[in-house]
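1. 3D, please:
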Amino acid sequence: MKTYEYIFAAIILIAMLLAATFLTSISPSLYRSVSEAEQLKMAAQKVVTQLLLSPGEPENWGENIDVKSSDISSIGLAISTIFTQEAFSLDPDKVQRLNRDLPADLYIPPDKFLELLGLGSSGYSYYGARIDFIPALRVAISFDGNEVRVKVTSEQGIPVVGANVTIGVLYVRDGRIALDEELGITNLDGECTINLSSQINPSFLVAIVNYYGLHMLGFKNISSHGGYLIGKYLLVKSSLEVNDASALQIIAIPSNEGLRLRNVTYCISSSVGVADYKAYDMGYVEPNIVAVVALTKNGELIAAYKVIPESYSTIAGEVYTPLAYILERSVRIGFSTYTIRLKIWRMTW
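-> Prediction:
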């Protein structure tokens, strides 16, 4: 055998040894990556199951304004009734308590959220989480002059043609609250246009969209005072005073033409303080409630509805992580259909 053949064989042997050493060094990290991905998957599945199928403890923590985040021993967003519990049907009151704009006493902070799910403790987070509430139908309402325009698009932004639209126009007339109802169908651009009488000066607009069984609510505040509708309570700023002892609950009822809007008058009892808000007790809330309206002592309209947040995250802004796990589920929140997207990642490695 010639010398160069010995050299070539030695080179091959050295290359094989180096390759074996390299593979041995990276194998543990590869196995660790697979293991961490499986751990994230299991954690995400447990979180989704807990949030979407459990009502939490106490079960009425969403609607009860006396229950603060420190009083919750188990968190879940599922609706709970005495007679039945429907899978993947979420309680709007519980969902809106994830809204950062709520009074501080009612908002569930992210660190408490993680603690209740077993993803953190004592202010230290083992995992990070983000929940997106994506509407199956996107409803945008605009008002210009006397023209109300409702544009309906799909989750992907495609115009929805042939959707039935019910529009509720709320305004003040002769010192009383008036509700006018208009019906329409979206055109090829996914738009429905309604021309109002010149004598109507709307303060608040409600739209219910029905598209082959999919329902979605839309709201437009033009000149009314905003508030929150939580359980049987109407929450308004402390600087506002409700004019009289009554309020109108705007409800949706089924008919041959789809969902129609009606109003029911309810008495309001004295208020209690919640942070910088007043909470007026209406005594009872209709099951099909859409919004509640009342008047201030100055005759101005107050309008409130259940606000579903676009997202809820343990970290502000967009999150970019080297390893995360995402789950999606279709749920119903009140009348409306949403896609819940959960993203979970590790905070430490």
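2. excluding sequence neighbours, find me the nearest residue to Gln50.
-> Leaving aside its sequence neighbours, Gln50 sits nearest to Gly76 (CB to CB, 6 or more residues apart in numbering; 5.9 Å). (Each C-beta comes from the backbone N, C-alpha and C, glycine too.)
3. confirm Lys151 sits in a helix?
-> No. Secondary structure of Lys151 (DSSP: H, G, I helix; E, B strand; the rest coil): strand, not part of a helix.
4. who touches it in this structure?
-> Going by CB atoms under 8 Å, 6 or more residues apart in numbering, Lys151 touches Val139, Ala140, Ile141, Ser142, Pro159, Thr186, Asp189, Gly190, Glu191, Cys192.
5. may I ask which of those residues has the most neighbours?
-> Counting neighbours by other CB atoms under 10 Å, Cys192 leads those with 24 neighbours.
6. got the contact list for that one?
-> Arg149, Val150, Lys151, Val152, Ala163, Val165, Ile167, Gly184, Ile185, Thr186.
7. low pLDDT regions in the stretch 1-150 of the chain?
-> 1-11, 13-34, 81-86, 122-123 (pLDDT under 70).
8. can you give me the helices for it?
-> 3-53, 92-96, 110-116 (DSSP state H, counting those that start in this stretch).
9. related to what we said a few turns ago, surely the residue nearest to Gln50 meets Asn60?
-> No. Counting by CB atoms under 8 Å, Gly76 stays clear of Asn60, with 11.7 Å between them.
10. narrow the contacts of Cys192 to just the buried residues.
-> Burial by neighbour count, 16 or more other CB atoms under 10 Å: within the contacts of Cys192 this picks out Val150, Lys151, Val152, Ala163, Val165, Ile167, Gly184, Thr186.
11. I'd say the third one and Thr186 touch.
-> Right, the one you point to is Val152. Yes. The pair Val152 / Thr186 is scored as a contact, 5.2 Å apart, by CB under 8 Å.
12. quick check: neighbours shared by those two?
-> What both Val152 and Thr186 touch, as defined by CB under 8 Å, 6+ apart, is the set Pro159, Val160, Ala163, Val165, Cys192.
13. helices or strands up against the host helix or strand of the fourth one?
-> To tie it back to what came earlier, the one meant is Val165. According to DSSP states H and E, Val165 maps onto strand 164-173. Judged by 3 or more CB pairs under 8 Å, 6 or more residues apart in numbering; DSSP states H and E, strand 164-173 is in contact with strand 147-154, strand 176-185, strand 191-195, strand 204-211, strand 246-255, strand 258-267, strand 289-295, strand 301-305.
14. show me what counts as buried in stretch 235-247.
-> Leu235, Val236, Leu240, Val242, Asn243, Ala247.
15. hmm, I was thinking of stretch 226-237
-> The neighbour-count check on stretch 226-237 (16+ other CB under 10 Å) flags Gly226, Gly227, Tyr228, Leu229, Ile230, Gly231, Lys232, Tyr233, Leu234, Leu235, Val236 as buried.
16. and the residues you listed, which two are the farthest apart?
-> Across the buried residues of stretch 226-237, the longest distance by CB to CB is 18.7 Å; it joins Gly226 and Lys232.
17. got phi/psi on the residue nearest to the spatial centre of the chain?
-> Nearest residue to the geometric centre of the chain (CA atoms, centre = their mean): Ile308, 3.3 Å. Dihedral angles phi and psi of Ile308 (degrees, to the nearest 10) take the values phi -90, psi 120.
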